[in-house]
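J.: Whatever this is, show me its structure:
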Amino acid sequence: MSDLKTMTNAQLESLAHLRGIDISECSTKADRIEKIEAYSGEGALVDLRVMGVDVAISEDAMDDFEVLGWLGDITRKGDPTVLPDLMKRLFRDDWQRIFDELKGSDYRLRTSKAVEFFTAIMEELNAKN
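T.: Numbering: from 1, shown residues only. Model prediction:
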């Protein structure tokens, strides 16, 4: 990567735009550089409560090529077997807690409940965007 300090403001603005970083409120070159360097590559987290479970999901979680493939498998092929991988990707380290909270009294997470939960998450995310 080029040294950000040697870039012009126009170059910094172009780089930020390509990466999806909003630097419009940065008034100095140093502020722009700091914001670009601090960017983790993920969107802000959106906090949701769905089916009694608190979750945080990246607002750009769907901007992921593997997620796109899994969504295609679910919608076009009706293949629910990709749902565990999809949900692990979306919720990362928090997935096990979410999984445990969704389990029924028989200690299983039923596929129908997982699908219902995932559908509700998608509806909530769409409502926020």
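J.: Show me which positions of the helix or strand of the chain with the lowest mean pLDDT end up buried.
T.: Counting by mean pLDDT, DSSP states H and E, the weakest-scoring helix or strand in the chain turns out to be helix 9-19, with a mean of 83. Neighbour-count burial for helix 9-19 flags Leu12, Glu13, Leu15, Ala16 (criterion: 16 or more other Cβ atoms under 10 Å). The way it works is simple: take the backbone N, C-alpha and C, and place the C-beta from them, glycine included.
J.: Same check on stretch 37-54?
T.: Under the neighbour-count criterion of 16+ other Cβ under 10 Å, stretch 37-54 has Val46, Leu48, Val50, Val53 buried.
J.: count of residues packed around Arg108?
T.: Residues lying near Arg108 (other Cβ atoms under 10 Å) number 10.
J.: confidence score at it?
T.: Per-residue confidence (pLDDT) for Arg108: 94.
J.: And for Asn129?
T.: Model confidence at Asn129 (pLDDT) stands at 58.
J.: that older thread, output the buried residues of stretch 37-54 as TSV; include the columns pLDDT and distance to Thr6.
T.: As requested, these are exported to TSV (pLDDT from 0 to 100; distance: Cβ to Cβ, whole Å):
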residue	pLDDT	distance to Thr6
Val46	85	36
Leu48	92	42
Val50	95	46
Val53	95	48
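J.: Of those residues, which belong to strands?
T.: Using DSSP state E, the members of the buried residues of stretch 37-54 that fall in strands are Val46, Leu48, Val50, Val53.
J.: what's the spacing between the third one and Trp95?
T.: Meaning Val50. 14 Å (Cβ to Cβ, to the nearest Å).
J.: ok, Ile33 - contacts?
T.: Leu4, Lys5, Leu12 (Cβ atoms under 8 Å, 6 or more residues apart in numbering).
J.: Extract the C-alpha trace of the helix or strand where it lies and format it as CSV.
T.: Assessed by DSSP states H and E, Ile33 sits inside helix 29-38. What follows is helix 29-38 as a C-alpha-only set of coordinates in CSV (Å, rounded to 0.1, in the frame of the first residue of the first chain):
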residue,chain,number,x,y,z
LYS,A,29,-5.3,15.6,5.7
ALA,A,30,-4.2,14.1,9.1
ASP,A,31,-7.9,13.4,9.9
ARG,A,32,-8.4,11.7,6.5
ILE,A,33,-5.3,9.5,7.0
GLU,A,34,-6.3,8.6,10.5
LYS,A,35,-9.8,7.5,9.4
ILE,A,36,-8.5,5.5,6.5
GLU,A,37,-5.9,3.7,8.7
ALA,A,38,-8.5,3.0,11.4
